[in-house]
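Chemist: Below: sequence and its predicted model.
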Amino acid sequence: MLEIVSGDGKVHLRGRFDAAEVDRARGVFDGIADSCVVDFSGLSYISSAGLGLLFATQKRLVDAGKALTLVNLNPHIREIFHIAGFDKIFEIS
Amino acid sequence: MRTSRAGFHREIGSLEEIFGFLEDFAKSAGVDEGTALVIDLVVEELFTNMVRHNEGGGDRIAVELERSGDQLRIELVDFNVEDFDPSSVPQPPLTAGIEDRRPGGLGLHLVRSMVDDLHFEYEPQARQMRVWATKRLET
């Protein structure tokens, strides 16, 4: 189960970001219109489905001169981002 | 040796049940947390590929896990499907910037990166696609 809390220019993710959660998460990410920090501190798992939604959001924002910044990725998720080459697409801190 | 096998409905909504099955296996097989996350990822990516690309296939997809010593084997079998060559899926341009990236092909790339071997075998008479991966566990 994925929990998403958004507000004040931040999105907090908690739980697991898998293919079964993407449609619900899309409703939140499609509503992001400005640069935003995504806090991964409560996220334990992400698959290509979650990566795909983050990618689509980043692409839309970058085209508008804005961007997502990702923070507090655990080592497993950081490795997933590295393998995907997404550490070149997102600012990760 | 520890083996678990189950069949799951061909729908993305089966993932919650699948993750429960994988968690039970990881506990009973003494698999560490990091490896359990790799198992989750491999099975999710292969399962969702079968659901999306083998439309019209059988109602269920079989998942089998086996631990024997330091060897882990993950196998999925899809029934009543057409042949599909996964090697035809191009690897995403991993070093490209966002302007040259497309979202597709990432799942299979993640799977290949996280296991030691990945095999696809199609049995035309049975119309079955069998996919299996092996991974050596750190002990």
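Modeler: Yes, it's here.
Chemist: Pick out the residue of chain B closest to chain A.
Modeler: As assessed by Cβ to the nearest Cβ, chain A sits closest to B:Leu94 within chain B, at 3.4 Å. C-beta coordinates here come from the backbone N, C-alpha and C atoms, glycine included.
Chemist: quick one, what contacts that residue?
Modeler: Residues near B:Leu94 by Cβ atoms under 8 Å, 6 or more residues apart in numbering or on different chains: A:84-85, B:109.
Chemist: so what's B:Val131 up against?
Modeler: B:46, B:75-78, B:86, B:118-121 are the contacts of B:Val131 under Cβ under 8 Å, 6+ apart.
Chemist: one more time with 6 Å, if that's ok
Modeler: Neighbouring residues of B:Val131 by Cβ atoms under 6 Å, 6 or more residues apart in numbering or on different chains: B:46, B:76, B:120.
Chemist: Return the set of residues that bridge with it.
Modeler: B:Leu76, B:Phe120 (DSSP bridges).
Chemist: re the thing from before, most surrounded residue in the contacts of B:Leu94?
Modeler: The most crowded member of the contacts of B:Leu94, judged by other Cβ atoms under 10 Å in any protein chain shown, is A:Ala84 (24 neighbours).
Chemist: Once you drop chain neighbours, what's closest to whatever residue of chain A ends up closest to chain B?
Modeler: Relative to chain B, the nearest point of chain A is A:Gly85 (3.4 Å; Cβ to the nearest Cβ). Take A:Gly85 and drop its neighbours on the chain: the residue closest to it by Cβ to Cβ, 6 or more residues apart in numbering or on different chains is B:Leu94, 3.4 Å away.
Chemist: quick one: secondary structure of the residue nearest to A:Ile92 when sequence neighbours are not counted?
Modeler: Take A:Ile92 and drop its neighbours on the chain: the residue closest to it by Cβ to Cβ, 6+ apart is A:Leu70, 4.8 Å away. Following DSSP: H, G, I helix; E, B strand; the rest coil, we place A:Leu70 in the strand state.
Chemist: Can you give me every residue that contacts A:Leu70?
Modeler: Counting by Cβ under 6 Å, 6+ apart, A:Leu70 touches A:38, A:90, A:92.
Chemist: can you put those in TSV and add neighbour count?
Modeler: Shown next, in TSV, are these (neighbours: other Cβ atoms under 10 Å in any protein chain shown):
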residue	neighbour count
A:Val38	24
A:Phe90	18
A:Ile92	19
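Chemist: what would those look like in TSV with secondary structure, distance to A:Asp8 and pLDDT?
Modeler: What follows is those, written out as TSV (DSSP: H, G, I helix; E, B strand; the rest coil; distance: Cβ to Cβ, whole Å; pLDDT from 0 to 100):
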residue	secondary structure	distance to A:Asp8	pLDDT
A:Val38	strand	13	98
A:Phe90	coil	20	96
A:Ile92	strand	20	96
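Chemist: Quick check: of these, which lies closest to A:His76?
Modeler: A:His76 lies nearest to A:Ile92 out of the contacts of A:Leu70, by Cβ to Cβ, at 13.9 Å.
Chemist: I'd say B:Val51 and B:Phe8 touch.
Modeler: No. Between B:Val51 and B:Phe8 there is no contact under Cβ atoms under 6 Å: 9.7 Å.
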